[in-house]
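Visitor: Here you go, sequence then predicted model.
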Amino acid sequence: MKNNPYSAKIQNLAESATIAISTLANELKAQGRDVLSFSAGEPDFDTPKVIKDAAIKALQTGFTKYTAVAGILPLRKAIASKLERENGLKYDPSEILVSNGAKQSLFNVFQALINDEDEVIIPSPYWVTYPELVTYSGGKNVFIQTDETTGFKITASMLRSAITPKTKAVVLTTPSNPTGSVYTKAELEALAEVLKGSDIWVISDEMYEKLIYGGSFVSSGAISQDMLERTITINGLSKSVAMTGWRMGYLASKDKKLVKMMDNLQSQCTSNINSITQMAAISALDGSADGDIEMMRQAFMERCKEGVRLINQIDGISVREPEGAFYFFINIKESAYGRDSMRFAKELLEREGVALVPGVAFGMEGYVRFSFACSLEQIREGVARIERFLKA
């Protein structure tokens with residue numbers, strides 16, 4: 001065996017920090033420890049019955065064979081209809097590619113767009129996967145540091161200052177994981193004005209669009225025709241209808257050549273997503289599950305308000321009320337741990353059995369992420385343990 005038999009690309013690829021923390025928490029549970037995990041971004045609700053019924057019907061009717069790589073036409077039509085009806089985005093089914101979760105959609109995008117040394121602008125804090133995929137694709141991450149004064153969002157002037165001749169794309173996430181921030185229409189319009197006339201792509205991750213607790217959601221591509229042409233819309237069903245394990249994500253782009261190239265890439269690695277999920281997904285997109293979606297949103301909103309109230313009563317930490325998604329991005333800078341989020345998370349897990357994700361994983365020290373995709377009782381107990389931990 002040669003001294004280094006592995007590719008440089010794969011050796012530079014880090015494990016997802018959120019998955020790593022969840023794994024550690026599960027290991028402690030297996031040892032008999034009383035662990036409350038707030039690390040994973042997974043709804044605690046079951047998949048709505050109407051969706052499961054569609055899956056059962058697909059099984060019973062023998063819909064269990066290969067399909068087109070991009071997904072069956074009825075599913076892509078359902079996605080196109082949803083995007084136009086709910087988001088004001090007009091896409092043809094040929095401009096849509098269905099993948100094994102939004103992660104594969106993002107992988108397809110970065111692999112298809114990025115050449116060596118291309119720069120990708122990523123607002124920080126960011127979802128842990130973005131920079132890893134950019135690096136794996138040969139690109140260079142250009143981070144724009146945000147803070148609470150801008151609601152953890154970039155402004156037009158911040159974007160303008162980050163653009164160079166090597167800028168290939170900018171990633172926008174709304175609502176945000178980990179902060180829960182949501183871009184308004186006016187904010188997106190200002191960003192669009194900066195990009196107008198350039199060759200810069202917008203990769204718009206809209207996975208949490210259904211979980212909005214104030215105001216309204218606006219898709220990046222709906223701002224203008226120029227934004228529609230440059231935007232690659234990323235979405236899926238994991239968060240909105242509690243279909244994490246079903247693995248269904250999708251992307252949409254007006255560049256049919258780009259979509260075809262990503263289709264070719266997917267054909268050589270995973271091919272189509274499983275056929276049963278595809279049939280079930282149609283029911284998740286056509287409005288049949290809207291009542292279930294609203295029930296979940298209301299529950300998340302109640303948990304959000306209660307968690308914010310409790311956290312902000314504790315000396316040394318604070319949290320900005322999220323406008324969407326299901327995460328608290330807790331500021332710990334005034335605690336004894338200062339900006340050391342990894343030590344905070346590690347000692348909290350060891351001493352109180354509470355699993356949070358350190359902010360350093362999202363590119364921002366001095367914070368920890370707390371997922372409130374769990375019951376009110378768990379949230380109250382988790383926050384009580386954090387308070388006890390800080391007072392010890």
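Guide: Received, thanks. Owing to the predicted nature of the structure, the values given are computational and were not obtained by experimental measurement.
Visitor: Packing partners of the one helix or strand in the chain whose mean pLDDT sits lowest?
Guide: The weakest-scoring helix or strand in the chain, judged by mean pLDDT, DSSP states H and E, is helix 17-30 (a mean of 78). Applying 3 or more CB pairs under 8 Å, 6 or more residues apart in numbering; DSSP states H and E, one finds that helix 17-30 makes contact with strand 36-37, helix 341-352, strand 354-355, strand 357-358. Placement of C-beta: from N, CA and C, glycine included.
Visitor: try it again with 7 Å
Guide: Helix 17-30 sits against strand 357-358, with contacts defined as 3 or more CB pairs under 7 Å, 6 or more residues apart in numbering; DSSP states H and E.
Visitor: The strand it packs on: partners in the sheet, and parallel or antiparallel?
Guide: When pairs are called by DSSP bridges, strand 357-358 turns out to pair with strand 367-371 (antiparallel).
Visitor: show me where pLDDT drops low in this protein?
Guide: Residues of the chain that meet the criterion pLDDT under 70 lie in 1-2, 18.
Visitor: which residues are contacting the helix ranked longest in it?
Guide: Criterion DSSP state H: the longest helix present in the chain is helix 290-311. Defining contact as CB atoms under 7 Å, 6 or more residues apart in numbering, one finds that helix 290-311 is touched by 43, 45, 48, 210-211, 213, 240-242, 317, 319, 321-322, 326, 328, 330, 372, 376, 379-380, 383.
Visitor: cool, stretch 139-151 as well?
Guide: Defining contact as CB under 7 Å, 6+ apart, one finds that stretch 139-151 is touched by 114, 117-124, 131, 134-135, 152-154, 158, 162, 168, 181, 320, 363.
Visitor: Distance check, the nearest residue to S318 once chain neighbours are set aside against L195.
Guide: Once flanking residues are discounted, S318 sits nearest to N331: 4.9 Å by CB to CB, 6 or more residues apart in numbering. Remark: distance between N331 and L195 (CB to CB, to the nearest Å) = 31 Å.
Visitor: Same drill for the two, tell me which one is more crowded.
Guide: For N331 versus L195, the count of surrounding residues by other CB atoms under 10 Å is larger for L195: 23 against 20.
Visitor: Can you show me the strands along this structure?
Guide: Using DSSP state E, the strands found in the chain span residues 36-37, 96-99, 119-124, 140-145, 167-173, 201-205, 231-236, 249-252, 318-319, 327-331, 354-355, 357-358, 367-371.
Visitor: which helices and strands does the first one pack with?
Guide: Using 3+ CB pairs under 7 Å, 6+ apart as the contact definition, the elements that strand 36-37 packs against are helix 376-391.
Visitor: ok, 10 Å please
Guide: In this structure, strand 36-37 packs against helix 17-30, helix 341-352, strand 354-355, helix 376-391, with contacts taken as 3 or more CB pairs under 10 Å, 6 or more residues apart in numbering; DSSP states H and E.
Visitor: How about the fifth one?
Guide: Counting contacts by 3+ CB pairs under 10 Å, 6+ apart, the secondary-structure elements packed against strand 167-173 are helix 101-113, strand 119-124, helix 129-136, strand 140-145, helix 156-162, helix 185-195, strand 201-205, strand 231-236.
Visitor: Using TSV, lay out the ones you listed together with distance to N177.
Guide: Shown next, in TSV, are the helices and strands packed on strand 167-173 (distance: least, CB to CB, whole Å):
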stretch	distance to N177
helix 101-113	11
strand 119-124	12
helix 129-136	10
strand 140-145	16
helix 156-162	20
helix 185-195	18
strand 201-205	8
strand 231-236	12
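Visitor: what's the closest of those to C269?
Guide: When the helices and strands packed on strand 167-173 are compared by CB to CB, helix 101-113 sits nearest C269, at 8.5 Å.
Visitor: tilt between the closest one and helix 129-136?
Guide: Put simply, helix 101-113 runs at 30 degrees to helix 129-136, going by axes from the mean of the first three to the mean of the last three CA atoms, to 10 degrees.
Visitor: Could I get the CA-only coordinates of helix 101-113 as CSV?
Guide: This file holds the C-alpha atoms of helix 101-113, laid out as CSV (Å, rounded to 0.1, in the frame of the first residue of the first chain):
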residue,chain,number,x,y,z
GLY,A,101,-32.4,15.2,-0.1
ALA,A,102,-31.3,18.8,-0.5
LYS,A,103,-27.8,17.8,0.4
GLN,A,104,-27.5,16.0,-2.9
SER,A,105,-29.1,18.9,-4.7
LEU,A,106,-26.4,21.2,-3.3
PHE,A,107,-23.7,18.7,-4.1
ASN,A,108,-24.9,18.5,-7.7
VAL,A,109,-24.9,22.3,-7.9
PHE,A,110,-21.4,22.9,-6.6
GLN,A,111,-20.0,20.1,-8.6
ALA,A,112,-21.6,21.5,-11.8
LEU,A,113,-20.7,25.1,-11.2
